[in-house]
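K.L.:
after the sequence you'll find the predicted model.
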Amino acid sequence: MNKVFLIGNLTRDPELTETSGGVSVCHFAIAVNRSYTSADGERQTDFFNVTAWRGLAENIARYTKKGSKVAVSGSVQIRNYEDNQGARRTVVDVIAQDVEFLTQRNANAGDDFYDAPAASEKPAPARKKPALEAFDDDGDIPF
């Protein structure tokens with residue numbers, strides 16, 4: 001089984017592109033803190049490159065930005081290639097199957113999706129609660 005679950009913060013704004021076939025793809029990276037500290041008291045951090053496809057990619061690009069906290073579930077994909085100097089390189093990517101946005105809406109000021117109403121906007125008027133009327137109950141059950 002190839003399954004990974006990560007919770008971390010975006011290290012840069014997500015990059016949304018399209019394939020030549022018109023399929024949306026989003027690339028982003030997250031920083032994930034380890035649960036322990038090193039001998040000198042510093043917390044270690046791992047960095048993961050993540051790829052999302054189609055509607056999920058579009059939602060990530062629209063609703064997240066650098067610093068946003070996300071939970072990613074997906075699978076690990078390992079690629080090998082040769083760089084310009086002929087050295088063999090290995091790349092580990094996470095292919096996202098589900099991403100949950102964990103940053104509170106008002107914490108992302110500047111995004112259309114997350115913006116609170118402007119101070120000049122009047123809040124909707126409060127609805128009056130209907131007045132309660134006395135109910136004459138003779139104790140009979142109607143069924």
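P.N.:
Yep, it's here.
K.L.:
from residue 28, how far off is the spatially most central residue of the chain?
P.N.:
The residue lying closest to the centre of the chain (CA atoms, centre = their mean) is residue 101, at 3.0 Å. Distance, residue 101 to residue 28, using CB to CB, to the nearest Å: 12 Å. The C-beta positions use only the backbone N, C-alpha and C, and glycine is treated the same way.
K.L.:
give me the common contacts of those two.
P.N.:
Both residue 101 and residue 28 are in contact with residue 64, where contact means CB atoms under 8 Å, 6 or more residues apart in numbering.
K.L.:
isn't residue 12 up against residue 28?
P.N.:
Yes - using CB atoms under 8 Å, residue 12 is in contact with residue 28, at 6.9 Å.
K.L.:
the two - which one has more neighbours?
P.N.:
residue 28 (27 against 12; other CB atoms under 10 Å).
K.L.:
centre of the chain to stretch 20-32, how far?
P.N.:
Its chain's average C-alpha position is 13 Å from that of stretch 20-32, according to CA atoms, centre = their mean, to the nearest Å.
K.L.:
same thing with stretch 72-90?
P.N.:
For stretch 72-90, the distance to the chain centre is 24 Å (CA atoms, centre = their mean).
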